[in-house]
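Asks: The sequence isn't on hand, but the structure is:
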Ligand SMILES: O=C(O)C(=O)C[C@]1(C(=O)O)C=C[C@@H](O)C=C1
């Protein structure tokens, strides 16, 4: 068997779709895992060579499980990124005639999918119980297996082809411009095509009680004209008020500017850890895929 790639399953997740759109040239055996942590664990323990997980959504923000897994888990470099357009649908096991949303008692989905449809749920399904699942596809599978229950799942259109489900309501997300960034992680090298865009993600720990430290960190990038596309704080989990800063710099390591900026930051007393320096691939599908 060749090398393997773990992804957030079961079949029909947005993550699986991201795997299909990543321009991986090698024939990898793909393996679904039930949670994001299981995917990362599979790669950490060498059960899988690579993994694909969601890291950030344009409506709901960071996928904390992924971010914290990369920060606190074993060192697992980010090898590539792909942003996928996301369209969420309300899926049911029986075709309701007519569809009476009041009859639905429970809605199942991944927390990020629920969050992307918060206003829809508040307006049309304020009475339902929300049940969180590990992925949108696990919600779809669960609802399809209980056709006698007045339940619905939120997930991809693709799930109506994989599971015995109907599209009860199309495109229910609150904002049209919905994208999720997925990252490919792994300890070994993988041949990927060149891209016209590269990013470097770093984790910065500031020195304690140094006023203006974050300002100085940002200045090191600003005067070098190194563009940041994200800055985010995550708790170090060592106590209140203690944070790591995650920075996405729109630049690979192929310029002296980057090591220069890191050296300047380290001279301030900051610690810098590179989480990955990787190509960014664009989704090349046509129209709605999910
Ligand atoms: O549940 C899925 O289908 C996933 O791939 C996970 C996930 C996420 O974690 O953000 C991916 C894309 C959507 O934003 C909703 C859910």
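Replies: Nice, thanks for sending it over. Keep in mind that this is a model prediction, so the values were computed, not measured. Numbering: from 1, shown residues only.

Asks: Quick check: which ranges of the stretch 1-150 of the chain have low pLDDT?
Replies: Within the stretch 1-150 of the chain, the ranges that satisfy pLDDT under 70 run 96.

Asks: Quick one: name the residues of it near the ligand.
Replies: The interface of the stretch 1-150 of the chain toward the ligand, taken as CB under 6 Å from any ligand atom, is made up of 8, 13-15, 54, 57, 63, 86, 110, 112-113, 135-137. Placement of C-beta: from N, CA and C, glycine included.

Asks: can you put these in TSV and add neighbour count and secondary structure?
Replies: Supplementary listing: those in TSV, determined by neighbours: other CB atoms under 10 Å; DSSP: H, G, I helix; E, B strand; the rest coil:
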residue	neighbour count	secondary structure
8	32	strand
13	27	coil
14	28	helix
15	26	helix
54	24	strand
57	20	strand
63	23	coil
86	24	coil
110	27	coil
112	24	helix
113	28	helix
135	28	coil
136	30	helix
137	28	helix
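
Asks: Remind me what the strand or helix carrying residue 120 packs against, helices and strands.
Replies: Residue 120 belongs to helix 118-124 when assigned by DSSP states H and E. On a contact count with 3 or more CB pairs under 8 Å, 6 or more residues apart in numbering; DSSP states H and E, helix 118-124 meets no helix or strand.

Asks: Can you mark which positions in that helix are buried?
Replies: By neighbour count, with 16 or more other CB atoms under 10 Å as the criterion, the buried positions of helix 118-124 are 120, 121, 124.

Asks: do you know how far residue 280 is from residue 186?
Replies: Distance check for residue 280 against residue 186: by CB to CB, to the nearest Å, it reads 17 Å.

Asks: what does residue 201 give?
Replies: Between residue 201 and residue 186 the distance is 15 Å, computed by CB to CB.

Asks: do residue 269 as well
Replies: Computed as CB to CB, the residue 269 to residue 186 distance reads 32 Å.

Asks: which one of the two has more residues nearby?
Replies: For residue 269 against residue 186, the residue with the higher neighbour count under other CB atoms under 10 Å is residue 186, and the figures read 20 against 13.

Asks: Pretty sure the more buried one sits against residue 50.
Replies: Yes. Taking CB atoms under 8 Å as the contact criterion, residue 186 and residue 50 are neighbours in contact, 3.8 Å apart.

Asks: Spit out the contact partners of residue 269.
Replies: By CB atoms under 8 Å, 6 or more residues apart in numbering, the contact set of residue 269 is 206, 207, 210, 213.

Asks: do the same with residue 9
Replies: Residue 9 makes contact with 15, 16, 32, 33, 34, 135, 137, 138 under the criterion CB under 8 Å, 6+ apart.

Asks: quick one on the thing from earlier: find the residues that touch each one of residue 186 and residue 50.
Replies: 43, 79.

Asks: Next up, the contacts around the nearest residue to residue 95 once chain neighbours are set aside.
Replies: Setting aside the residues directly before and after it, residue 95 is nearest to residue 166 in space (CB to CB, 6 or more residues apart in numbering), at 4.5 Å. Contacts were defined as CB under 8 Å, 6+ apart; by that measure residue 166 touches 91, 92, 93, 94, 95, 96, 160.

Asks: ok, now how distant is the second one from residue 148?
Replies: When distance is defined by CB to CB, residue 92 is 12 Å away from residue 148.

Asks: The first one too?
Replies: Between residue 91 and residue 148 the distance is 16 Å, computed by CB to CB.

Asks: Looking at these two, which one has more neighbours?
Replies: Residue environment comparison for residue 91 versus residue 148 gives the larger neighbour count to residue 91, 28 against 7, counting by other CB under 10 Å.

Asks: Ramachandran coordinates for that one?
Replies: For residue 91, the backbone dihedrals are phi -120, psi 140 (criterion: degrees, to the nearest 10).

Asks: Isn't it up against residue 155?
Replies: Yes. In this structure residue 91 lies within contact range of residue 155 using CB under 8 Å: 5.9 Å.

Asks: tell me the contacts of residue 35?
Replies: 8, 65, 134, 135.

Asks: quick one: the helices in the stretch 151-290 of the chain?
Replies: For the stretch 151-290 of the chain, applying DSSP state H, counting those that start in this stretch gives helices covering 159-162, 213-222, 257-267.

Asks: who touches stretch 141-150?
Replies: The set of residues that contact stretch 141-150 without belonging to it, under CB under 8 Å, 6+ apart, is 10, 12, 91-94, 103-106, 108, 133, 151-153, 163-165.

Asks: What are the buried residues along stretch 32-50?
Replies: 32-33, 35-44, 48-50.

Asks: and the gap between residue 206 and residue 116?
Replies: Residue 206 sits at a distance of 32 Å from residue 116 (criterion: CB to CB).
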